[in-house]
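**Q** from the sequence below, what's the structure:
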Amino acid sequence: MAVPVAFFALFFAYPVAAIVGRGLKTDAGWQLGRFGEVLTDPAIGQVLWFTTWQALASTALTLLVALPGAYVFARFDFPGKQLLRAVVTVPFVLPTVVVGSAFLALLGRGGLLDETWGVRLDTTVWAILLAHVFFNYAVVVRTVGGLWAQLDPRQEEAARMLGASRFAAWRKVTLPALGPAVAAAALMVFLFTFSSFGVVLILGGPAFATLEVEIYRQTAQLLALDTAAVLTMIQFVAVCGILAVHAWTVRRREATLKLVDPARTSRQPEGAGQWALLGGVLLTVALLIVLPLGVLVQRSFATADGFGLGYFRALTSAEGGAFLVPPIDAVWNSLEYAVVATAIAVLIGGLAAIALTRRAGRFVRGFDALLMLPLGVSAVTVGFGFLITLDEPPLDLRASWILVPLAQALVGVPFVVRTMLPVLRAVDGRLREAAAVLGASPWRVWREVDLPLVRRALLIAAGFAFAVSLGEFGATVFIARPDNPTLPVAVATLLGRAGELNYGQAMALSTLLMLVCAVALLLLERIRTDRTGEF
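**A** Model (predicted):
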């Protein structure tokens, strides 16, 4: 546990604490009165209210749309199921700025709806809610569907035999068993939407701001570090509460159910109702996920001279002044950063997962929650904290390229832990004991017993960490240098500049990033097992 604890203390707790200290501590002492001043500010109150209610609305809408999909993926067997599972997961690993770009191309000015029916939804709350459902659909499908596939259907069939209606059997047998998984999925969706940044920044315009967007505005535009520090603490407390409840639901799910092989529970759809349900889910996926991504690709090829590669060719030139280097360099920068970030995340997350399987108790549960904090605590605060803390020897890293992978690895570690932990816990401890009795050292036990059993989970964890690192935006928007931009930063920069060429280049870069993420997800589905964690 020492290495992960040291990593999080140095590159997460220290920068966040430094930002809070810089904002609230003066020569006269701690200015705790700023909490009252900020919380009573009507503008900040509006931000807090919007952050909360849009997260609740996004969560409810995501559950409503995605739960039928979770059932279809869990219980039905149909051609192309594996490919479709990868397709619905692509949005989850896409950078939020790419999600914003896709919905801007669909719902914004000059978008598909605007050109077809004269309807614009950008700068409205509906665009934000739809983008959040698009982004989090896979969270519900994988979290709830993964458990649903392992519930023994004979229990519900027994209730039907005893006279219960189909709905009563589902409500009294299946729903209570699914409750912890639904709660865990809902909490994760609420966490992601509560701390939403890129989607709201691009689609919301000046009229809407979440806590994360307001922290960015107070930090980067107004330099009001005291207000940003108060908002960071509010978000931190809220996220800690959400993660505590999430950890409780996960323990309930792991402790109370006897699961079966998913291969025994899936079957071909039967009857008109089941085929209609499958068709409805396929239509939902087509309209909610495939259509925005398709429009994004279409916009990247639709130049003023007709369809062609003009925007992609423009990426090879630095003319226009958006960057000091050609925008295409952002692709190679992002790939290099993501590879290094993946290596760091696998090392830190792997050690943490191993430690969590060996020990129990409140301290370890607290450590487990700590590992999840980067998913909800302000990435903007972390990125800005890097600049003001890692600026003195022996850790003067402001001019070093390693700063970006370190920030990306913070977001990748939770995915490594959540992917590897269930698989490591499933390894029979008697195998390790037998190897130890036969004289194997702890290192050899891990190498010859654990590693062969968790190799697939390790590859999947690395794949998720790579995809997530590739799309990290909140922290890297502060620390990525103009001569070494990352793909998400390049997309956001281009979208923020006027002109058709800048917009087209943003669409082209978004398309390239989407393709990289899609390829990574397809490879993961080929090696996926049914016990590779929550994601």
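**Q** where does the prediction get shaky in the stretch 251-400 of the chain?
**A** 251-264, 319-323, 359-362, 365, 376 (pLDDT under 70).
**Q** rerun that using 50 as the cut-off
**A** Scanning the stretch 251-400 of the chain for pLDDT under 50 picks out 255-256.
**Q** and for the stretch 51-200 of the chain?
**A** For the stretch 51-200 of the chain, no range has pLDDT under 50.
**Q** repeat that with 90
**A** For the stretch 51-200 of the chain, the stretches flagged by pLDDT under 90 are 71, 73-127, 135, 138-189, 191-200.
**Q** what packs against the longest helix seen in the chain?
**A** For the chain, the longest helix by residue count, based on DSSP state H, is helix 42-75. In terms of contacts (3 or more C-beta pairs under 8 Å, 6 or more residues apart in numbering; DSSP states H and E), helix 42-75 is packed against helix 33-39, helix 81-93, helix 125-148, helix 175-194, helix 211-216, helix 225-256, helix 271-285. (Glycine included, C-beta is placed from N, CA and C.)
**Q** report the buried residues of the longest one.
**A** Read that as helix 225-256. By 16 or more other C-beta atoms under 10 Å, the buried positions in helix 225-256 come out as 225-236, 238-240, 242-243, 246-247, 249-250, 253.
**Q** phi, psi of Asp483?
**A** With angles defined as degrees, to the nearest 10, Asp483 sits at phi -90, psi 0.
**Q** residues near it, how many?
**A** Neighbour count for Asp483, taken as other C-beta atoms under 10 Å: 10.
**Q** check Ala304 too.
**A** 9.
**Q** please apply the same query to Arg432.
**A** 17.
**Q** give me the contact list for the strand or helix carrying it.
**A** Arg432 is part of helix 429-437, with elements assigned from DSSP states H and E. Helix 429-437 is contacted from outside by 442, 444-445, 448-450, using C-beta atoms under 8 Å, 6 or more residues apart in numbering.
**Q** just stretch 65-74 next, same as before
**A** In contact with stretch 65-74 (C-beta under 8 Å, 6+ apart) are residues 81, 84-85, 88, 133, 136-137, 139-141, 144-146, 148-149, 182, 262, 265-266, 277-278, 280-281, 284-285, 288.
**Q** let's have the helices and strands packed on helix 42-75 in CSV, adding distance to Phe12.
**A** Compiled in CSV, the helices and strands packed on helix 42-75 are given as follows (distance: least, C-beta to C-beta, whole Å):
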stretch, distance to Phe12
helix 33-39, 23
helix 81-93, 21
helix 125-148, 23
helix 175-194, 16
helix 211-216, 16
helix 225-256, 11
helix 271-285, 36
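**Q** select, out of those, the one closest to Ala159.
**A** Nearest of these to Ala159, taken as C-beta to C-beta: helix 175-194 at 11.7 Å.
**Q** buried residues in the closest one?
**A** Applying 16+ other C-beta under 10 Å to helix 175-194 flags 177-178, 180-194 as buried.
**Q** look at Gly110 and give its secondary structure.
**A** Here Gly110 is recorded as coil under DSSP: H, G, I helix; E, B strand; the rest coil.
**Q** how far away is it from Ala102?
**A** 14 Å (C-beta to C-beta, to the nearest Å).
**Q** these two - which one has more neighbours?
**A** Using other C-beta under 10 Å, the more surrounded residue of Gly110 and Ala102 is Ala102, with 28 against 12.
**Q** list the residues that contact the more buried one.
**A** By C-beta under 8 Å, 6+ apart, the contact set of Ala102 is 134, 292-293, 295-296, 510.
**Q** ranking by neighbours, what's the top pick from these?
**A** Ser510 (31 neighbours).
**Q** and the gap between that residue and Ser300?
**A** Ser510 is 7 Å from Ser300, by C-beta to C-beta.
**Q** ditto for Leu222
**A** 34 Å.
**Q** just Val339 next, same as before
**A** Val339 is 25 Å from Ser300, by C-beta to C-beta.
**Q** of the two, which one has the most company?
**A** More crowded of Val339 and Ser300, by other C-beta under 10 Å: Ser300, with 24 against 14.
**Q** ok, the more buried one - contacts?
**A** Per C-beta under 8 Å, 6+ apart, neighbours of Ser300: 311-312, 504, 507-508, 510-511.
**Q** now Pro488
**A** So Pro488 contacts 95-98, 198, 334, 471-473, 476-477, 513 (C-beta under 8 Å, 6+ apart).
**Q** are we agreed that it is in a helix?
**A** Yes. Under three-state DSSP, Pro488 falls within a helix.
**Q** gap between it and Pro176?
**A** 41 Å.
**Q** just the helices from the stretch 301-450 of the chain, written as ranges.
**A** 310-314, 329-358, 362-372, 379-389, 403-426, 429-437, 442-445 (DSSP state H, counting those that start in this stretch).
**Q** which parts of the last one are buried?
**A** Of all the residues in helix 442-445, those buried under the rule 16+ other C-beta under 10 Å are Val445.
**Q** now it: average pLDDT?
**A** The pLDDT scores in helix 442-445 average 85.
**Q** who touches that helix?
**A** By C-beta under 8 Å, 6+ apart, helix 442-445 touches 432, 435-436.
**Q** of these, which is the nearest to Leu370?
**A** Arg432 (26.1 Å).
**Q** next one: that closest one from Arg425, what distance?
**A** Counting by C-beta to C-beta - Arg432 and Arg425 are separated by 13 Å.
**Q** go on, Asp152?
**A** In this structure, Asp152 and Arg425 are 21 Å apart, going by C-beta to C-beta.
**Q** ok, these two, which is more surrounded?
**A** Set Asp152 next to Arg425 and count neighbours by other C-beta under 10 Å: Asp152 wins out with 17 against 13.
**Q** quick one, phi psi at the more buried one?
**A** Dihedral angles (degrees, to the nearest 10) for Asp152: phi -70, psi 120.
**Q** repeat that for Leu315.
**A** phi -70, psi -20.
**Q** quick one, what contacts it?
**A** Leu315 touches 326-328, 505, 508-509, counting by C-beta under 8 Å, 6+ apart.
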